[in-house]
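*Asks:* here you go, sequence then predicted model.
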Amino acid sequence: MSAADGPNEGACMCGRVRVRVNAPPIMTMACHCRGCQCLSGSAFSLTAMFSADAFEVVSGETRIGALHGDSAYVYCAHCLNWLYTAPAGAPIVNARPALFDVPAWFVPFVESYVSEKLPWAATPARYCFAQWPPPEEYGALMQAFAAER
């Protein structure tokens, strides 16, 4: 398995929280929604989507931050670096790809919320959606992502 496939580890800014994935991402995305712009302090947030079974926090203390709703936005308890999001009821974890020691998963394959995209922001994503991709399209998107890896 190559570094692009896993295992891959990473850490928050202060290094107190370490995470590990044991499989490649099932998709990568850039989200242009206003919430992600605020959370990331940038034009969009990047996500590497993993099966929840492939992702683990191996050390450090985390806490919930940002939006306190159906999805858990998880941060380092010390430096407050945004680590990952765990959507309620979904068997996935959306990790921030910049955390990883081997930065193999930065290129977004899908863009979401391009309806809120800043006019100058551009990514090389192959697929774009005004909001979230429709649930019935995720399977085909994940297959296309796997085929292009």
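*Replies:* In hand now; what should we look at? Numbering: from 1, shown residues only.
*Asks:* ok now the helix or strand of the chain with the lowest mean pLDDT, how far from the chain's centre?
*Replies:* Scoring the helices and strands of the chain by mean pLDDT, DSSP states H and E places strand 62-68 at the bottom, with a mean of 80. Its chain's C-alpha centre and that of strand 62-68 lie 15 Å apart, by CA atoms, centre = their mean, to the nearest Å.
*Asks:* which elements pack onto the helix or strand that it is followed by?
*Replies:* Elements were assigned by DSSP states H and E; along the chain past strand 62-68, the next helix or strand is strand 72-76. Counting contacts by 3 or more CB pairs under 8 Å, 6 or more residues apart in numbering; DSSP states H and E, strand 72-76 packs against strand 62-68, strand 82-86. In short, each C-beta sits where N, CA and C put it, glycine included.
*Asks:* where in the protein is pLDDT low?
*Replies:* Counting by pLDDT under 70, the chain has low-confidence residues at 1-6, 67-70.
*Asks:* so the residue nearest to the spatial centre of it is in which element?
*Replies:* Compute the mean C-alpha point of the chain, and by CA atoms, centre = their mean the closest residue is Thr47, 2.1 Å away. If you go by DSSP H and E, Thr47 is part of strand 45-51.
*Asks:* hey, C-alpha coordinates of that strand in CSV?
*Replies:* Coordinates of each C-alpha in strand 45-51 appear next as CSV, following Å, rounded to 0.1, in the frame of the first residue of the first chain:
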residue,chain,number,x,y,z
SER,A,45,-12.8,23.8,3.3
LEU,A,46,-11.1,20.7,2.1
THR,A,47,-12.3,17.2,3.1
ALA,A,48,-10.9,13.7,2.7
MET,A,49,-13.8,11.4,3.3
PHE,A,50,-13.0,8.1,5.1
SER,A,51,-15.0,5.1,6.3
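*Asks:* that one to strand 82-86, inter-axis angle?
*Replies:* Angle, strand 45-51 to strand 82-86, by axes from the mean of the first three to the mean of the last three CA atoms, to 10 degrees: 50 degrees.
*Asks:* partners of whichever helix or strand comes after strand 45-51, with directions?
*Replies:* Downstream of strand 45-51, the first helix or strand assigned by DSSP H and E is strand 55-59. Counting by DSSP bridges, the strands paired with strand 55-59 are strand 18-21 (antiparallel).
*Asks:* now the angle between strand 45-51 and the next helix-or-strand element following the partner strand, please.
*Replies:* Remark: after strand 18-21, the chain's next helix or strand is strand 27-31, criterion DSSP H and E. When the same axes, to 10 degrees is applied, the directions of strand 27-31 and strand 45-51 differ by 150 degrees.
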